[in-house]
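> mind folding the following:
(chains A and B)
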Amino acid sequence: MITLPRALCALTLTFAAAAAQAEVVVVMSAKSPVTTLTQAQVSDIFLGKLSTFPQGGQAVPIDLASGAAQRDEFYTKVTGRTAVQLKSYWAKQSFSGKGTAPKAVSGDEEMKKLIAANPNTIGYIEKSSLDASVKAVFAP
Amino acid sequence: MKMKVCAAVALALVASHAISARADVQLGEHATLSGFGTFGAVKTDTDQAEFGKDRQPGGATRNPDALVDSNLGVQLTVKANSWLSATVQVLAQRRDHEAMDIEPEWAFIRVQPMDDLTLRVGRMTLPAFLISDFRNVGYANTWLRAPNEVYALSVFRRLDGADLTYRKAIGSSTVTASVLYGDSDLLTAGMRPGVDDVRGGSLSWEYDGLTVRASRTLADVLFAGIDDGYIFNAFGATWDRDNLIVQAEYVQRRATLLGDIVASDGHYLMAGYRLGNVTPYATFARTKPEYRQSPIHVSFDQETKALGLRWDAFSSAAIKVQVESIDTQGTPGISFNAPVSGTVHAISASIDFTF
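Sure thing, here's the model as predicted:
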């Protein structure tokens, strides 16, 4: 049973990550006309229930790769779902052809680069990573 | 047989370990390959009859059976742009033969002309139930197996046709209305009666963690020279919030001419509670024929009490165990291929994964 230590390790990492919670903000390109969004709107966009912004324009959510502490914090605060619940949610959606989980990037820098370049994208980063290329549209 | 089951479980563990690191293989910019599966085994404490689900011709006795619950699905989704996509899902599963069949379970084109409206054309799961859409995906469900007392009552499960779904947010709740039309095929061992003019509709309402749904499906079934009208009504509700999961459904199967042997009701109640990565749950399910005086029935009386546990042990795989006690009042019920006397106990274990 080589898989057990790995599961325990993952469990430990999950708890460790939860203990070191960072402050996360939802961001869009500085060029986007969107100024602010509600928690329900952000939640719907990231769960694939809403594909356009209330002000108009295609909404393309960008995710962090699973396992990132910021990701768990973002989804718990905004959608009320834990990483496990989220995984189950996307299994339901994708295997009935209703939608697929957002594309994921590996970290804040990559996230900012993508978002700054495309006004339709929306993502979330650590508050301290904010710069002039992106703007905060919601703080959970 | 025992060795086979052990090998299957070992294989599943190795497989889930190998694949849990990666999910959703991106093929170029537009295509995504993904999949899911279950490796499970079930055994009962009787050799009087075999225990299975749906139209499966055989299943578990005191000898464990690994094909009642095991399946493997692979799905390819091609997204042309924001409003046009195509999905094909091939599923290996024991259906109406002893061995596993590999069949396309879904194959449709999806058009979304506006945010609120979706049209799908092709082959789809017939959405008669609350969880029809993802019933085969073990990982997406709390329980090990959907209660047969309700889910086996629908004798056909697929739709070759089209459906149109309208979804509207009203305040903080969402209302979804859907209509469908097409053909289907009946799943019976040996015979394949025609099922035409399948038409149906459903209405659901979501608010917070609550989903309430009602659906009605009608069809013309040509069976042994008789053209009969088939009616299936389903009412369901789910509550999933703050670690508490409650789900219940009540369904009615009716027929215009052969009502005496076809008409049956079924219901279940499931409740579970998430304790971190472990979710214990309990299910109570029951079905009964509507006309008891009729000498023959499509399905008989059955009542099941089940206790189970889902453990999200890995990032993309969950381990489940379930014990159940099944009373058929001396009939074959709806899960056995011959009459059984007394209460039958069954124990099942599975690993459900996605990749």
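> and the closest residue to residue B:208 other than its chain neighbours, what pLDDT?
Leaving aside its sequence neighbours, residue B:208 sits nearest to residue B:241 (CB to CB, 6 or more residues apart in numbering or on different chains; 6.4 Å). For every residue, glycine as well, the C-beta is placed using N, CA and C. pLDDT recorded at residue B:241 is 87.
> got the contact list for residue B:241?
Residues counted as contacts of residue B:241 (CB atoms under 8 Å, 6 or more residues apart in numbering or on different chains) are A:80, B:208-210.
> check these for burial and list the buried ones.
By neighbour count, with 16 or more other CB atoms under 10 Å in any protein chain shown, the contacts of residue B:241 hold no buried member.
> would you check how far apart the residue of the stretch 1-150 of chain B found nearest chain A and residue B:204 are?
Nearest residue of the stretch 1-150 of chain B to chain A: residue B:133, at 3.5 Å (CB to the nearest CB). Separation of residue B:133 from residue B:204 (CB to CB, to the nearest Å): 12 Å.
> do residue A:26 as well
Counting by CB to CB - residue A:26 and residue B:204 are separated by 28 Å.
> tell me the contacts of the residue nearest the centre of chain B?
Centroid-nearest residue in chain B: residue B:135, 3.5 Å away (criterion: CA atoms, centre = their mean). Contacts for residue B:135 (CB under 8 Å, 6+ apart) come out as B:125, B:129, B:141, B:146, B:151.
> which of those are close to chain A?
The subset of the contacts of residue B:135 within reach of chain A, by CB under 8 Å from any CB of the partner chain, is residue B:125.
> now the two most distant members of the contacts of residue B:135.
Largest separation among the contacts of residue B:135 by CB to CB: B:125 and B:141, giving 14.1 Å.
> of those two, which one has the most company?
Neighbours of residue B:125 and residue B:141, each counted by other CB atoms under 10 Å in any protein chain shown, are more numerous for residue B:141; the result is 23 against 19.
> need the contact list for that one.
Counted by CB under 8 Å, 6+ apart, residue B:141 has contacts B:131, B:134-135, B:352.
> what's the neighbour count on residue B:146?
Neighbours of residue B:146 (other CB under 10 Å): 24.
> per-residue confidence at it?
We have a pLDDT of 97 for residue B:146.
> which ones among the contacts of residue B:135 lie within helices?
Those of these mapping onto helices are residue B:151, per DSSP state H.
> and the contacts of residue B:135, which is closest to residue B:92?
Nearest to residue B:92 out of the contacts of residue B:135 is residue B:125 (CB to CB; 15.8 Å).
> list the contacts for that closest one?
Going by CB under 8 Å, 6+ apart, residue B:125 touches A:96, B:105-106, B:132-133, B:135, B:157-159.
> could the residues you listed be laid out in JSON lines, adding secondary structure?
Formatted as JSON lines, the contacts of residue B:125 follow (DSSP: H, G, I helix; E, B strand; the rest coil):
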{"residue": "A:96", "secondary structure": "coil"}
{"residue": "B:105", "secondary structure": "strand"}
{"residue": "B:106", "secondary structure": "strand"}
{"residue": "B:132", "secondary structure": "helix"}
{"residue": "B:133", "secondary structure": "helix"}
{"residue": "B:135", "secondary structure": "coil"}
{"residue": "B:157", "secondary structure": "coil"}
{"residue": "B:158", "secondary structure": "strand"}
{"residue": "B:159", "secondary structure": "strand"}
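> residues touching the residue nearest to residue B:59 when sequence neighbours are not counted, list them.
Counting by CB to CB, 6+ apart, residue B:59 lies nearest to residue B:52, which is 3.1 Å off, once chain neighbours are set aside. Counting by CB under 8 Å, 6+ apart, residue B:52 makes contact with B:58-60, B:65, B:68, B:94, B:335-337.
> show me these that map onto helices.
In helices, defined here by DSSP H, there are no members of those.
> what's the farthest-apart pair in those residues?
Farthest-apart pair in those is B:94 and B:336; separation 15.4 Å (CB to CB).
> chain A: helices as residue ranges?
A:3-19, A:39-46, A:69-79, A:83-94, A:108-117.
> give the rounded mean pLDDT of the first one.
Taken as a whole, helix A:3-19 has a mean pLDDT of 45.
> what is the neighbour count of whichever residue of chain A sits closest to chain B?
Of all residues in chain A, the one sitting closest to chain B is residue A:96 (3.5 Å; CB to the nearest CB). Using other CB under 10 Å, residue A:96 has 23 other residues around it.
> any idea how far the closest residue to it other than its chain neighbours is from residue B:180?
Distances taken as CB to CB, 6+ apart place residue B:133 nearest to residue A:96, at 3.5 Å, with adjacent residues excluded. With the distance defined as CB to CB, residue B:133 ends up 12 Å from residue B:180.
> and what of residue A:54?
Residue A:54 is 31 Å from residue B:180, where distance means CB to CB.
> now residue B:103
As judged by CB to CB, residue B:103 and residue B:180 stand 20 Å apart.
> who has more neighbours, those two?
Using other CB under 10 Å, the more surrounded residue of residue B:103 and residue B:180 is residue B:180, with 21 against 13.
> and the pLDDT at the more buried one?
At residue B:180, the pLDDT value in this model is 97.
> residue B:12 now?
48.
> what sits closest to residue B:146 if chain neighbours are left out?
Closest to residue B:146 by CB to CB, 6+ apart is residue B:135, at 5.4 Å.
> quick check: the one you found vs residue B:147, distance?
Residue B:135 sits 11 Å away from residue B:147, going by CB to CB.
> equivalent analysis for residue B:70, please.
19 Å.
> out of these two, which sits in the busier spot?
Remark: of residue B:70 and residue B:147, residue B:147 carries more neighbours, 27 against 22, as counted by other CB under 10 Å.
> looks like the more buried one contacts residue B:285 (just checking).
Yes - with contacts counted by CB atoms under 8 Å, residue B:147 reaches residue B:285, the gap being 3.6 Å.
> okay, and the common contacts of residue B:133 and residue B:180?
By CB under 8 Å, 6+ apart, residue B:133 and residue B:180 have these common neighbours: residue B:127.
> burial measure for residue A:47, as a count.
Applying other CB under 10 Å, we find 20 residues neighbouring residue A:47.
> and it, what's its pLDDT?
At residue A:47, the model reports a pLDDT of 93.
> what do you get for residue B:348?
pLDDT, read off for residue B:348, is 98.
> still on that earlier bit, return the member of the contacts of residue B:52 nearest to residue B:319.
Nearest to residue B:319 among the contacts of residue B:52, counting by CB to CB, is residue B:68 at 17.1 Å.
> residues near the closest one, how many?
For residue B:68, using other CB under 10 Å, the count is 25.
> now do the same contact list for it.
Residues in contact with residue B:68, defined by CB under 8 Å, 6+ apart, are B:40, B:42, B:51-53, B:56, B:59-60, B:94, B:145, B:348.
> ok, now with 7 Å
B:42, B:52-53, B:56, B:59-60, B:94 (CB atoms under 7 Å, 6 or more residues apart in numbering or on different chains).
> right, and the helix or strand after the helix or strand hosting residue B:227?
Following DSSP states H and E, one finds residue B:227 within strand B:226-241. Next helix or strand after strand B:226-241 toward the C-terminus (DSSP H and E): strand B:244-255.
> export that following strand to CSV, keeping only CA atoms.
What follows is strand B:244-255, C-alpha atoms only, in CSV (Å, rounded to 0.1, in the frame of the first residue of the first chain):
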residue,chain,number,x,y,z
LEU,B,244,-25.2,18.2,5.3
ILE,B,245,-26.4,16.4,2.2
VAL,B,246,-30.1,15.2,1.9
GLN,B,247,-31.6,13.9,-1.2
ALA,B,248,-35.0,12.4,-1.9
GLU,B,249,-37.1,11.3,-4.9
TYR,B,250,-40.5,10.0,-5.6
VAL,B,251,-41.3,8.4,-9.0
GLN,B,252,-44.3,6.9,-10.7
ARG,B,253,-44.2,4.5,-13.7
ARG,B,254,-47.5,4.1,-15.6
ALA,B,255,-48.8,2.6,-18.8
